[in-house]
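1. model this:
(chains A, B, C and D)
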There are 2 protein chains.
Amino acid sequence: MRRTTSLDVARRAGVSQSAVSRTFTPGASVSAETRAKVLEAADALGYRPNKIARSLITQRSGIVGIVVAYLDNLYYPNVLEKLSRELQENGFHALMFFTHQSSDKMDIVLGELLEYQVDGLIIVSAGLSSDLAARCAASGIPIILFNRTLDDETLSSVSSDNVDGGEKVARFLLRCGHERIAYLAGWPGSSTDRDRRLGFTRVLSENGRGLYRDDVGHYNREEACAATRRLFAAPPFPDALFCANDHMAVAALDVLRHELGLSVPQDVAVVGYDDAPMAAWPSYALTTVTQPPDAMVPEAVRILLENIDASASRPRQVKFIGELVQRKTTRPCL
Amino acid sequence: MRRTTSLDVARRAGVSQSAVSRTFTPGASVSAETRAKVLEAADALGYRPNKIARSLITQRSGIVGIVVAYLDNLYYPNVLEKLSRELQENGFHALMFFTHQSSDKMDIVLGELLEYQVDGLIIVSAGLSSDLAARCAASGIPIILFNRTLDDETLSSVSSDNVDGGEKVARFLLRCGHERIAYLAGWPGSSTDRDRRLGFTRVLSENGRGLYRDDVGHYNREEACAATRRLFAAPPFPDALFCANDHMAVAALDVLRHELGLSVPQDVAVVGYDDAPMAAWPSYALTTVTQPPDAMVPEAVRILLENIDASASRPRQVKFIGELVQRKTTRPCL
DNA sequence: CTGAAAGCGCTTACAG
DNA sequence: CTGAAAGCGCTTACAG
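-> As a prediction, this is how the structure comes out:
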């Protein structure tokens, strides 16, 4: 079954193919009469302009690639949906590319991306070697890192101020009088983990403290559960646990309460990061630091589209300040 | 900055443009020597074939549209990730289209989809009027409904047997000796809600029972919370509650335990549907019916790709049987 | 195996 | 405002 093309419409409407093209090009000059004839014929034939063909000549595909490593951290589905909808409202669409945490596969993914002639790229929740980042920047296609940053600032990014967030948690825990403070790390290579830890331990040491215990969960539920067991293997137990994200904090909470029989916050205080949806669910009521997607997503899309329009502009790093929201996994304190 | 094209590569390699095209077309005939020259030149120039241009002539975009209404039900991010990865492994990619539960926006979405010349369509978690379904079928593009079915069978679908699932839950609850059984409905227009309820109430009435109480949550957390409050507004309370999906069951659990101070399963048994990730988390340990995405996703993709290859084949409905998995929101019973 | 050429379905100067 | 024509970057018969 042949697709109906602009030529079919032109013939039926008794006009040139150019006229058809023009009536479907916003801002092109067509007389009301011609437009009406075209529209009628198009309607009768069920014609729709072929975006693919159009993109070949306009050099604009209207497609933005979104690279994601995983979706099991509840924070990300939310971000993904918002990004997609925001893109849609601006006439773009998201082409999904799933990769893995380790950046071995990123090469392949990136190659495929470029083949699709995407207009831009949003990299979410995925590690990116600086080597790869450099190649991306060199490719000339506008890229924005969401919730990740790069030390050398070769790429634009939108994230929250993770150092500040880590500091806030440390100050809060200290104020609550905690003594044996532990850290459950995320993916050690990620900027998020590094910065949250940095802010956290800096405030601790400014107050003459260090991490009482320290383990790694790689932002993964199973590993976070295992790490929690190790962290609480021998007394004296930590009396506060800062988890590098909510997804792990929830896992830790489950282990603490249901396996180890500890009470939160009486025996241990638990703090997460992200303010993912389930953090607000009463069963968890997790104290955490927000990374407001309602502000971050539109900003990320704005910057990206700006770069697509004027690809000359230089990389920009935008950081949002998160807030500590106290719920019930920590004792009330000012 | 002009993109580097096959012609650039041809010039540098000293061969024809066709030769370049051939070395990037699997199965085309090129001598080893020519191929080597081309590959070298391509590498030097950072050339990648333009899939968009290719698709214009091959009539294959390699893009499959995925239509989703929302991602806050945790079952879906999981499905989406699996669908995407499965597609990727088969050389396709997913273009996301977010719509809304109500099918008003589906028209627009569908139009955009067709403009992108997607090779196929997967509709997940979204309502589709039979009118729209007919138009889809008429468009000639292969479509598969995931987790939804259509009465008139004009479209292929992969789902679980929701009638059977509803029956299983009813039999189980009856066996456990429950007397006042309530149903928390999802989206009334959806096939999932209709079938789960159908199987559920059928077994109930076969045993001389009816629904003790009945309310609607529209598969939405807030509404499910409100519905739960209504269901438990006055004694005697229901002693069992079947929720049309896990997302609402978890909401109900939160209200029951944390607002109403009821014990689950002592005061009320709660059963969900989906076996979404959080159903297995110890804080919920929800008894539920599985809809195995590990089996359903590959099958959905298989059928779709089959239809893309031989677009003549007629619509097919595949149903998977789910299992009731007993966890801790119901009393142990055989 | 290889190259010249037509064509996929559009947009966009260029004349009129 | 309108049409004929060139061209976006490929693939693919067609000859050789």
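2. where does the stretch 201-334 of chain A dip in pLDDT?
-> The stretch 201-334 of chain A contains residues with pLDDT under 70 at A:311-312.
3. how about a cut-off of 80?
-> A:310-313, A:334 (pLDDT under 80).
4. from residue B:95, how far off is residue A:66?
-> 10 Å (C-beta to C-beta, to the nearest Å). Every C-beta, even on glycine, is put in place using the N, C-alpha and C of the backbone.
5. which residues do those two both contact?
-> A:94, A:95, A:96 (C-beta atoms under 8 Å, 6 or more residues apart in numbering or on different chains).
6. before we move on, back to that, between residue A:66 and residue B:95, which one's more packed in?
-> Looking at residue A:66 and residue B:95 with other C-beta atoms under 10 Å in any protein chain shown, you find the greater number of neighbours at residue A:66, namely 26 against 23.
7. show me what contacts the more buried one?
-> Residues in contact with residue A:66, defined by C-beta under 8 Å, 6+ apart, are A:80, A:83, A:84, A:94, A:95, A:96, A:97, A:121, A:122, A:123, A:124, B:96.
8. in strands only, show me those residues.
-> Using DSSP state E, A:94, A:95, A:96, A:97, A:121, A:122, A:123, A:124, B:96 are the members of the contacts of residue A:66 that sit in strands.
9. now the two most distant members of these.
-> By the measure C-beta to C-beta, A:123 and B:96 form the most distant pair in the ones in strands among the contacts of residue A:66, at 15.8 Å.
10. who has more neighbours, the two?
-> Taking other C-beta under 10 Å, residue A:123 and residue B:96 do not tie; residue A:123 has more neighbours (28 against 22).
11. contacts only, for that one.
-> By C-beta under 8 Å, 6+ apart, the contact list for residue A:123 reads A:66, A:67, A:143, A:144, A:145, A:146, A:148.
12. try residue A:171
-> residue A:203.
13. quickly find the element holding it.
-> Using DSSP states H and E, residue A:171 maps to helix A:162-175.
14. name the pair among the contacts of residue A:66 with the greatest separation in space.
-> Greatest spacing in the contacts of residue A:66, by C-beta to C-beta: A:123 and B:96 (15.8 Å).
15. which parts of chain A are helices?
-> Ranges of helices in chain A, per DSSP state H, are A:6-13, A:17-23, A:32-45, A:51-58, A:75-89, A:106-115, A:130-139, A:162-175, A:191-206, A:221-231, A:246-254, A:293-309.
16. which helices and strands sit right next to the fourth one?
-> The helices and strands touching helix A:51-58, judged by 3 or more C-beta pairs under 8 Å, 6 or more residues apart in numbering or on different chains; DSSP states H and E, are helix B:51-58.
17. and the stretch 101-250 of chain A, which residues reach chain B?
-> Residues of the stretch 101-250 of chain A lying near chain B by C-beta under 8 Å from any C-beta of the partner chain: A:111, A:112, A:114, A:115, A:116, A:117, A:139, A:140, A:250.
18. could you redo the last one with a cut-off of 10 Å?
-> Residues of the stretch 101-250 of chain A lying close to chain B by C-beta under 10 Å from any C-beta of the partner chain are A:108-118, A:135, A:138-140, A:221, A:225, A:250.
19. just the buried members of those residues?
-> Using 16 or more other C-beta atoms under 10 Å in any protein chain shown as the burial test, these include A:109-110, A:112-118, A:135, A:139, A:221, A:225, A:250 as buried.
20. turn those residues into TSV, columns for distance to residue A:198.
-> Putting these into TSV (distance: C-beta to C-beta, whole Å) gives the following:
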residue	distance to residue A:198
A:109	29
A:110	29
A:112	35
A:113	31
A:114	34
A:115	38
A:116	37
A:117	39
A:118	33
A:135	27
A:139	31
A:221	24
A:225	25
A:250	24
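21. restrict those residues to contacts with DNA strand C.
-> Among those, no residue lies close to DNA strand C (C-beta under 7 Å from any atom of the strand).
22. farthest-separated two in these?
-> Across these, no pair lies farther apart than A:117 and A:225, at 42.7 Å, counting by C-beta to C-beta.
23. ok and the residue in the stretch 201-334 of chain A nearest DNA strand C?
-> Using C-beta to the nearest atom of the strand, the closest approach of the stretch 201-334 of chain A to DNA strand C is made by residue A:309 at 14.0 Å.
24. thought that residue was touching residue A:90?
-> No: Residue A:309 is beyond contact range of residue A:90, at 11.0 Å (criterion: C-beta atoms under 10 Å).
25. reformat the shared contacts of residue A:66 and residue B:95 as a markdown table; add distance to chain B and pLDDT.
-> Shown next, in a markdown table, are those (distance: C-beta to the nearest C-beta, whole Å; pLDDT from 0 to 100):
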| residue | distance to chain B | pLDDT |
| --- | --- | --- |
| A:94 | 4 | 94 |
| A:95 | 5 | 94 |
| A:96 | 5 | 92 |
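26. any idea which of those residues is closest to DNA strand D?
-> Checking the shared contacts of residue A:66 and residue B:95 against DNA strand D by C-beta to the nearest atom of the strand gives residue A:95 as the nearest, at 18.1 Å.
27. the closest one: what's it in contact with?
-> A:61, A:63-67, A:112-113, A:116, A:118, A:121, B:63, B:84, B:93-96, B:116 (C-beta atoms under 10 Å, 6 or more residues apart in numbering or on different chains).
28. any idea how far residue A:95 is from residue A:114?
-> 12 Å.
29. now swap in residue A:213 and tell me
-> 44 Å.
30. for residue A:201, see how far away residue A:173 is.
-> 12 Å.
31. name the residues contacting each of those two.
-> Common neighbours of residue A:173 and residue A:201, using C-beta under 10 Å, 6+ apart, are A:181, A:209, A:242.
32. kindly state the beta-bridge partners for the residue nearest in space to the middle of chain A.
-> Centroid-nearest residue in chain A, with C-alpha atoms, centre = their mean: residue A:124, separated by 3.9 Å. Beta-bridge partners recorded for residue A:124 (DSSP bridges): residue A:68, residue A:146.
33. before we move on, the earlier item: show me what counts as buried in the helix holding residue A:171.
-> Result for helix A:162-175 [16+ other C-beta under 10 Å]: buried residues A:162-174.
34. which two of those have the greatest separation?
-> The widest separation within these (C-beta to C-beta) is 18.6 Å, between A:162 and A:174.
35. now do the contacts for residue A:212.
-> A:178-183, A:204, A:231, A:236-241.
36. ok, how many other residues are close to residue A:242?
-> Residue A:242 is flanked by 30 other residues according to other C-beta under 10 Å.
37. one more: residue A:40?
-> For residue A:40, using other C-beta under 10 Å, the count is 13.
38. next: the one 10 residues further on.
-> The local packing of residue A:50 (other C-beta under 10 Å) involves 19 other residues.
39. so it sits against residue A:57, correct?
-> No: counting by C-beta under 10 Å, residue A:50 does not reach residue A:57; the two are 11.2 Å apart.
40. need the residues touching each of the two.
-> By C-beta under 10 Å, 6+ apart, no residue touches both residue A:50 and residue A:57.
41. shared neighbours of residue A:95 and residue A:114, anything?
-> Joint contacts of residue A:95 and residue A:114 (C-beta under 10 Å, 6+ apart) are A:65, A:121.
42. residues near residue A:240, how many?
-> 25.
43. give the contact list for the residue in the stretch 151-300 of chain A that DNA strand C sits nearest to.
-> Closest approach between the stretch 151-300 of chain A and DNA strand C, counting by C-beta to the nearest atom of the strand: residue A:156, at 26.2 Å. Contact partners of residue A:156, counting by C-beta under 10 Å, 6+ apart, are A:137, A:142-146, A:149-150, A:300, A:303-304, A:306-307, A:313-318.
44. I am finished for the moment; much appreciated.
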